[in-house]
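S.K.: A structural model of the following input is requested.
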Amino acid sequence: MNLTQETLALIKGVYGAGPVDAGTLTKTIATGTGIIGYDLQAPAKNLYPVVTPIRNRLPRVMGPTGSATHWVQINAIIGSGFDAMGWVPEGQRAAQMSYNTSARSAPYVTLGEEDAVTYEAISAARGFEDVQATMTLRLLQKMMLKEEMALLAGNAGASNGGLSLGTPGTPTLSASGTGASLPAATYYVKVVALTLEGYQNSSLTTGVATSQTITGADGKSFTLSGGSSNISAEASQAVTAGQTLFASVAPVIGAVAYAWYVGTASGGETLQAITTINSAAFSAPLASGRQAQTAITADNSFNANYAFNGLLTTALAAGSNAYVNVMPTGTAGTGTPLTASGAGGVNEIDLMLETMWNNFELSPTVLYVNAQELKNITNKVLNNASAPLLRFHEDADGGGGFHLTASGTIDFYYNPFALDGGLKIPVRIHPRLPPGTIIGWAENLPIQYQSNNVPNVAEVKTRQDYYQIEWPITTRQRQVGVYAEEVLAVYAPFAMGVITNIGNG
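M.R.: Just a heads-up that it's a prediction; the model follows:
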């Protein structure tokens, strides 16, 4: 007992503030020795956004078996004689009316994502987090993010009702101005058009996405197109000291962005800019180490064998009858911005709403925009001609001073072109929509379409909704895949409107 107490006293002395007595060990153990605890908070922090507004709003409907879903569309009922007149003489019969119909189909495709965790990782994480469960959660989240892009921007190509960007026209070049630092030289320019998928897949550092061969976990490979057009023919322009080089190209239907290749030698162009309008301006020396124009050798704008057409693709495709406004080129490098109506609105949005009513007697129920366009719309609507918009708050007891809420943005856009006194349309930011593009979408057809047999304007038709496969163990890993077999069926593409090529400002 005495030995135990003496031992404890010695230990307390060693770890305490001072020595036990003369001659006792007085060395203090500091944090630098590494003999410390490790404060690891469990579980791991998932610091990534999972925003899928369109996937969340679209109805999911289980479909039957087969390779595709099919429907017959009655586009119009055509009256006999003069379509707008129903007069019939006494005792006589009218002629028979006719129909404008078309057969539609949309093939099912598969979306999927896989992950794996080793048995060592499972053991090492015990007590920290269930890595098998969290792996499956993150796998499902990534699958939903990819599905969101597919529902918005999937492109199966023109032969399947989608888009083919082809080859842009030859750029138009000019040089003017003073004070720029672009060295004097003759510059050569080529351009590549990008779909929304291409815009998301490309960057100045990684280059324009062309195609990629993917080797699956089963060892088999397949190739996906990245969403870029073929490269244009070359244009050249002499630039003197102090001038800015301006480039523009005829808008390409289906493109939401353009990649510009510039160089000082013919055929030596490299990627210098990606713009969300059909023009660019170059006033500074060219950057080095960028993707060469030789990387672009074909039209890689669609995936005919694997994809379905998303909402934006369906609206922009030929024959959709959707409202499409490609803003004029305007000043190269600047483009044509939205314009204020002077009555608290935006001319281009008002024109879209009016046209959709005149053509099809309907209105969008939501407007999707990029953060840039939300700011620009707000600035057009809330200008010097608007009433003061600072809100003043004061405590009821009169104490505590006053409080101001500065800034603000629009929540709704009012559409007067609708039955029963108009409609308030919510304005929503979509994180994957590029600057310069606005989408209006009627999620539900109005009451005048009451007998249309279209409960959903668009729906995700699923042959097999999300399912998880835990693959047989062939190595010391737990391998998991999440898949869905589906197609986006858009029954009323005319219920969409798109404004694109919008300049910032």
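S.K.: where does the chain have low pLDDT?
M.R.: 1-29, 31, 33, 36, 38-39, 73, 384-406, 450-453, 455 (pLDDT under 70).
S.K.: Am I right that Val208 is in contact with Trp260?
M.R.: No - if you go by Cβ atoms under 8 Å, Val208 and Trp260 don't touch, sitting 10.2 Å apart. For every residue, glycine as well, the C-beta is placed using N, CA and C.
S.K.: mind giving me the domain ranges of this structure?
M.R.: 2-33, 53-76+97-164+307-503, 172-295 (automatic domain parsing).
S.K.: Give me whichever of the ones you listed is most buried.
M.R.: The highest average neighbour count among the domains of the chain, using mean count of other Cβ atoms under 10 Å, belongs to domain 172-295 at a mean of 19.
S.K.: Show the contacting residues for Asp411.
M.R.: 426-427 (Cβ atoms under 8 Å, 6 or more residues apart in numbering).
S.K.: quick one on the thing from earlier: want to throw the domains of the chain into a markdown table with distance to Ala84?
M.R.: Output for the domains of the chain, formatted as a markdown table (distance: least, Cβ to Cβ, whole Å):
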| stretch | distance to Ala84 |
| --- | --- |
| domain 2-33 | 89 |
| domain 53-76+97-164+307-503 | 13 |
| domain 172-295 | 33 |
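S.K.: which stretch among the ones you listed comes nearest Pro43?
M.R.: domain 53-76+97-164+307-503 (3.5 Å; Cβ to Cβ).
S.K.: Pretty sure Pro183 sits in a strand.
M.R.: No - using DSSP: H, G, I helix; E, B strand; the rest coil, the assignment for Pro183 is coil, not a strand.
S.K.: My guess is it contacts Pro285. True?
M.R.: Yes - look at Pro183 against Pro285 with Cβ under 8 Å: they come within range, at 6.1 Å.
S.K.: what are the phi and psi angles of the most centrally placed residue in the chain?
M.R.: Centrality entry for the chain: nearest residue to the mean C-alpha point is Arg432, 2.2 Å, by Cα atoms, centre = their mean. As for Arg432, its main-chain torsions (degrees, to the nearest 10) stand at phi -110, psi 0.
S.K.: And it, how far from Ile277?
M.R.: Taking Cβ to Cβ, to the nearest Å as the measure, Arg432 falls 18 Å from Ile277.
S.K.: gap between stretch 152-161 and the chain center?
M.R.: Computed by Cα atoms, centre = their mean, to the nearest Å, the separation of stretch 152-161 from the middle of its chain amounts to 16 Å.
S.K.: now do stretch 138-145
M.R.: Put simply, stretch 138-145 sits 16 Å off its chain's centre (Cα atoms, centre = their mean).
S.K.: Pull up the pairing partners for the host helix or strand of Pro426, direction included.
M.R.: According to DSSP states H and E, Pro426 maps onto strand 423-429. Partners of strand 423-429 in the sheet, by DSSP bridges, are strand 366-369 (parallel), strand 412-415 (antiparallel).
S.K.: want to throw these into JSON lines with distance to Thr475?
M.R.: Shown next, in JSON lines, are those (distance: least, Cβ to Cβ, whole Å):
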{"stretch": "strand 366-369", "distance to Thr475": "44"}
{"stretch": "strand 412-415", "distance to Thr475": "55"}
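S.K.: Of all the ones you listed, which one is nearest Ala121?
M.R.: So among the strands paired with strand 423-429, strand 366-369 is nearest, using Cβ to Cβ, at 39.4 Å.
S.K.: Output the helix or strand just after that closest one as CSV, restricted to C-alpha atoms.
M.R.: Later in the chain than strand 366-369, the nearest helix or strand by DSSP H and E is helix 371-381. Extracted in CSV, the C-alpha atoms of helix 371-381 (Å, rounded to 0.1, in the frame of the first residue of the first chain):
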residue,chain,number,x,y,z
ALA,A,371,-26.8,34.4,-60.4
GLN,A,372,-25.5,36.9,-63.0
GLU,A,373,-28.9,37.2,-64.6
LEU,A,374,-30.7,37.4,-61.3
LYS,A,375,-28.6,40.4,-60.5
ASN,A,376,-29.1,41.9,-63.9
ILE,A,377,-32.8,41.5,-63.8
THR,A,378,-33.0,43.0,-60.4
ASN,A,379,-30.9,46.0,-61.6
LYS,A,380,-33.2,46.5,-64.6
VAL,A,381,-36.3,46.4,-62.4
